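**Student:** Provide a 3D model corresponding to the input given below.
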Amino acid sequence: MSDDTGGASLELPIDGTLDLHTFRPSEVRTLVPDYLAACRERGILEVRIVHGKGTGALRETVHAILARTPGIASFRLAGHDPGGWGATIVSLLPPE
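**Tutor:** Residues are numbered from 1 along each chain as shown. You can find the predicted model right below:
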């Protein structure tokens, strides 16, 4: 999966973990659904999105995106999983 980040092409590994720390907030709106779609295509049905703890603004943005993205069974804060509340665990529906 490629992403255009200010003119430089970045190749993202589709491995079930998306770390948003290196992306601008404006990129997240398209990056998250595209990454999740790529995971579903590869049969990766549990994805960890690392948004950080910070003020919670990025977490809220990610959760709003997830709430309106098709193909998602559920999502929750990582809790005691690695990343704690600085990450969200997304369960994806199998591809059709």
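**Student:** Mind jotting down where the helices sit in this structure?
**Tutor:** In the chain, the segments counted as helices under DSSP state H are 25-41, 57-67.
**Student:** Export these as JSON lines, with columns for mean pLDDT and distance to Gly84.
**Tutor:** The way it works is simple: take the backbone N, C-alpha and C, and place the C-beta from them, glycine included. What follows is those, written out as JSON lines (pLDDT from 0 to 100; distance: least, Cβ to Cβ, whole Å):
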{"stretch": "helix 25-41", "mean pLDDT": "95", "distance to Gly84": "19"}
{"stretch": "helix 57-67", "mean pLDDT": "96", "distance to Gly84": "11"}
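**Student:** Nearest approach to Pro94 belongs to which of those?
**Tutor:** Proximity to Pro94 (Cβ to Cβ) singles out helix 25-41 among the helices of the chain, at 7.5 Å.
**Student:** what comes up buried for the closest one?
**Tutor:** Using 16 or more other Cβ atoms under 10 Å as the test for burial, helix 25-41 gives Val28, Leu31, Val32, Pro33, Tyr35, Leu36, Ala37, Cys39, Arg40.
**Student:** you'd agree the fourth one is up against Ile65?
**Tutor:** Yes. Assessed by Cβ atoms under 8 Å, Pro33 is found in contact with Ile65 at 6.6 Å.
**Student:** tell me how far stretch 78-88 is from the chain's mean position?
**Tutor:** 13 Å (Cα atoms, centre = their mean, to the nearest Å).
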